[in-house]
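what shape does this take:
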Amino acid sequence: MLGFFSFTEITDPDAHEAYNLWHVFDHQPEQFTIDGINFGERWVRSPRCRSLELPPQPPFESFHYMTLYLLRDEHVIPPFFDLAKDLHAKKRFFRQRKALLSGPFEVEGRWAAPRVLVSPEAVPFRPSRGLYVIAGPALDAAPLVRLDGVAGVWQFAADARHLTVAFVDGDLWGVAADLGALARGSAGGVEWAGPLEPVDASGWDWFATLSGS
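Numbering: from 1, shown residues only. Below is the predicted model of the structure:
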């Protein structure tokens with residue numbers, strides 16, 4: 001299995017609502033027409049999230065949203081890119097956006113907190129209250145599932161960069177404080193670490209708070 005990530009910046013501060021309408025009602029539904037995409041979700045690096053993150057290094061300084069698709073295997077990548085080209089040709093791609101980091105990452109490890117009962121493979125499919133993501137060197141991710149509020153952890157890798165993704169079903173801000181302290185105390189090389197909130201398709205007024213951020 002692969003994780004396809006996109007860390008996306010909205011280049012027009014007034015375009016967040018339009019971007020989210022496009023992504024929820026047009027772009028993301030099309031991705032699920034591809035055989036082999038098992039999961040797809042998106043989270044926002046809101047102003048509150050930024051206040052609890054470690055100082056970001058390139059290329060993470062200015063992204064607003066992180067999208068994650070779980071692909072069955074590498075054979076899904078060509079049709080995934082073919083669809084993107086087709087949507088570009090049909091002028092159905094959002095112009096006021098920039099992918100600062102985008103591409104496939106190998107799944108390196110999966111863990112579930114014993115209390116959640118489900119297997120580690122099932123963790124992304126459970127309802128969650130957000131994520132905490134650590135980008136940089138590989139971490140010993142197994143102990144993270146012992147923290148209150150962490151339902152499970154998946155770790156991904158591409159070349160020397162690792163993305164450790166904690167799925168949070170407890171208090172996101174409390175988990176952010178705990179994992180932020182852990183990231184600060186790591187051996188170094190952390191490019192970015194911080195919480196991400198879910199994108200709620202029913203609350204469009206919320207996105208106005210991102211204007212200028």
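
where does the protein have low pLDDT?
187, 201-213 (pLDDT under 70).

for it, longest strand please?
The strand spanning the most residues in the chain, taking DSSP state E as the definition, is strand 97-112.

can you tell me the strand partners of that strand and which way each runs?
strand 2-10 (antiparallel), strand 150-158 (antiparallel) (DSSP bridges).

return the most buried member of those strands.
Neighbour counts (mean count of other Cβ atoms under 10 Å) averaged over each of the strands paired with strand 97-112 peak at strand 150-158, with a mean of 23. Just so you know, the C-beta spots here come from the backbone N, C-alpha and C atoms, and that holds for glycine as well.

contact partners of that one?
With Cβ atoms under 8 Å, 6 or more residues apart in numbering as the test, strand 150-158 has contacts from 3, 5, 103-113, 116, 120, 123-124, 126, 128, 132, 138-139, 141-142, 144-145, 162-170, 175, 179.

rerun at 7 Å
3, 103-113, 116, 120, 123-124, 126, 128, 141, 144-145, 162-169, 175 (Cβ atoms under 7 Å, 6 or more residues apart in numbering).

would you mind measuring from residue 17 to residue 171?
Residue 17 sits 28 Å away from residue 171, going by Cβ to Cβ, to the nearest Å.

correction: the previous question concerned residue 196.
From residue 196 over to residue 171 (counting by Cβ to Cβ), the distance is 15 Å.

for these two, indicate the residue with more neighbours.
residue 196 (23 against 14; other Cβ atoms under 10 Å).

what residues does that one make contact with?
Residue 196 makes contacts with 43, 44, 45, 49, 66, 130, 131, 133, as judged by Cβ under 7 Å, 6+ apart.

show me where this protein has strands.
2-10, 37-44, 65-71, 97-112, 130-136, 150-158, 161-168, 192-198.

between strand 161-168 and the second one, find me the angle.
Orientation note: strand 37-44 sits at an angle of 80 degrees relative to strand 161-168 (axes from the mean of the first three to the mean of the last three Cα atoms, to 10 degrees).

can you give me the buried ones in strand 37-44?
37, 40, 41, 42, 43, 44 (16 or more other Cβ atoms under 10 Å).

contacting residues around the last one?
In this structure, residue 44 makes contact with 64, 65, 196, 197, 199, judged by Cβ under 7 Å, 6+ apart.

can you check the fifth one too?
Residues in contact with residue 43, defined by Cβ under 7 Å, 6+ apart, are 65, 66, 130, 131, 196, 197, 198, 199.

the first one and residue 46 touch, don't they?
What it means is residue 65. No. Under the criterion of Cβ atoms under 7 Å, residue 65 is not in contact with residue 46, lying 9.9 Å apart.
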